[in-house]
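Enquirer: Below are the sequence and a predicted model for it; my questions follow.
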Amino acid sequence: MVTHSNVKNLVKILIGAAWIDGRIQPEERQYLREIAQAKGLASDPDIKPWLYELVPVQPQECYEWVKEYLGDRPSLEDCENLIEAISGLIYSDGEVATEEARLLTKLQDITKPNESNQPAHTLLLKQIQKLYRRWVEVQN
């Protein structure tokens with residue numbers, strides 16, 4: 001079930017993912033603002049300082065938000081949604097920074113300890129592999 005809180009957390013994660021390489025690219029900035037607008041969060045007082053780059057997001061904050069969003073037992077749907085959302089952001093500027101790839105790897109690591117949730121872990125791994133393949137194709 002998608003709640004306002006989950007949507008807000010997802011937007012925070014996307015903002016954090018955009019900051020993960022130390023700066024927000026113009027394409028990422030536009031993508032984030034469009035997403036925030038579409039989700040009705042563009043003027044949210046909690047989101048606004050990050051969205052309009054008044055306050056930078058540290059990588060550790062982004063990782064903490066991911067953990068909060070996924071929880072102890074991430075569902076298959078939550079993993080799919082997160083990978084899809086982050087992929088959209090990453091591809092908005094046409095390049096995958098090392099830090100962005102590292103974030104996707106960390107997503108895989110977050111679900112790894114939860115062996116009882118093997119299908120979600122397997123899907124997450126496949127999504128990451130597909131993302132890397134697309135990135136390699138774009139580079140050629």
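Expert: Good, I have the coordinates.

Enquirer: need the contact list for the spatially most central residue of the chain.
Expert: Central residue of the chain (CA atoms, centre = their mean): Ile86, 3.6 Å from the mean position. Contacts for Ile86 (CB atoms under 8 Å, 6 or more residues apart in numbering) come out as 13-14, 17, 100, 103-104, 107. Yep, even glycine has a C-beta here, placed from its N, CA and C like the rest.

Enquirer: By mean pLDDT, flag the weakest helix or strand of this structure.
Expert: helix 118-139 (a mean of 68; mean pLDDT, DSSP states H and E).

Enquirer: Near the residue nearest to Leu41 when sequence neighbours are not counted, how many other residues are there?
Expert: Excluding its sequence neighbours, the residue lying closest to Leu41 (CB to CB, 6 or more residues apart in numbering) is Ile47, at 4.9 Å. For Ile47, the neighbour count with other CB atoms under 10 Å is 18.

Enquirer: Equivalent analysis for Ala38, please.
Expert: 10.

Enquirer: next one: Glu34
Expert: Counted with other CB under 10 Å, residues neighbouring Glu34 total 12.

Enquirer: Same question for the one 5 residues further on.
Expert: Neighbours of Lys39 under the rule other CB under 10 Å: 16.

Enquirer: Does it touch Val7 like I think?
Expert: Yes: look at Lys39 against Val7 with CB atoms under 8 Å: they come within range, at 5.2 Å.

Enquirer: ok, how many other residues are close to Glu137?
Expert: 8.

Enquirer: which ones are touching the closest residue to Val57 other than its chain neighbours?
Expert: Nearest non-adjacent residue to Val57, counting by CB to CB, 6+ apart: Trp19, 4.0 Å away. Trp19 makes contacts with 50, 56-59, 62, as judged by CB under 8 Å, 6+ apart.
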